[in-house]
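Q: next come a sequence and a model predicted from it.
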Amino acid sequence: MPAIKVQQASEILGVSAAQVGRLIARGDLAATKWGAAWMVDAASVHRYASTRPERGRPYLPERAWAELLSAEVRTMDEAKKLAVLCRRRAERHGVRVIPGFLDSLRQDQRVVLSGVDAGRKSKAMVTLGPPVDLYLHVNDVEKVFKKYVTADHVTDPNVIIRVVESDVLQQFEHHVPLIVALVDLVAEGDYRSAKEVLNAMK
């Protein structure tokens, strides 16, 4: 999808231009600076619009993880609602990694794989392809980014890195549970893979 102006993004989302700026700074919207102006990736605007709550605030990280890990989801509608409520569980970075480094990144013991990788581990019928979706503890961000990432907050990421401040990742063995993978796939708009993961959970 093409890039759009901040004003267009604010009209689509029904928020102020200043709020769009905050969403860019937080990593919720992908954008590129052209001179003094920001151009916002239209796909990220539509993805954000589909996973934001209509009223009220999403859960803060600690509650988001508690709700997510205890949730029982049976339908895609329930998965979408959970994705909305738990979207603040981590800080999202859409990054570029040299394709030849993707396998090394997947095998790095500091990362916890989500999305399609977690689905495949649990025998969900999903197709492996970009973007790679993973979690990373905030203490490992600097070293992992330095080793693998060539650009952050890009409009065409081949890796989604979700940065977590809590110790929740310690309970996972290199892959998140299917419920987390499901919500991550929904958040990225990969409904086909999400449906396969949901089927594997039944």
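A: Arrived safely. Please read all numbers here as calculations on a predicted model, not as lab measurements.

Q: can you give me the strands in the chain?
A: Using DSSP state E, the strands of the chain run over 3-5, 31-34, 37-41, 91-97, 111-113, 132-137, 149-151, 159-164.

Q: and residue 175, which of those strands is closest to it?
A: strand 111-113 (4.9 Å; CB to CB). All C-beta spots, glycine's among them, are computed from the backbone N, C-alpha and C.

Q: how far does that closest one sit from the chain's center?
A: 13 Å (CA atoms, centre = their mean, to the nearest Å).

Q: flag every buried residue along that strand.
A: Buried positions in strand 111-113, judged by neighbour count with 16 or more other CB atoms under 10 Å: 111, 112, 113.

Q: which residues sit against it?
A: With contacts defined as CB atoms under 8 Å, 6 or more residues apart in numbering, strand 111-113 is touched by 105-106, 121, 132-136, 144, 169, 172, 174-176.

Q: now, of the residues you listed, which are buried?
A: When the contacts of strand 111-113 are checked for burial by 16+ other CB under 10 Å, the buried set is 105, 132, 133, 134, 135, 136, 144, 169, 172, 174, 175, 176.

Q: need the residues you listed in JSON lines (columns: pLDDT).
A: Below are the buried ones among the contacts of strand 111-113 laid out as JSON lines (pLDDT from 0 to 100):
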{"residue": "105", "pLDDT": "97"}
{"residue": "132", "pLDDT": "95"}
{"residue": "133", "pLDDT": "96"}
{"residue": "134", "pLDDT": "98"}
{"residue": "135", "pLDDT": "98"}
{"residue": "136", "pLDDT": "97"}
{"residue": "144", "pLDDT": "97"}
{"residue": "169", "pLDDT": "95"}
{"residue": "172", "pLDDT": "95"}
{"residue": "174", "pLDDT": "96"}
{"residue": "175", "pLDDT": "97"}
{"residue": "176", "pLDDT": "97"}
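
Q: many thanks, I have nothing further to ask.
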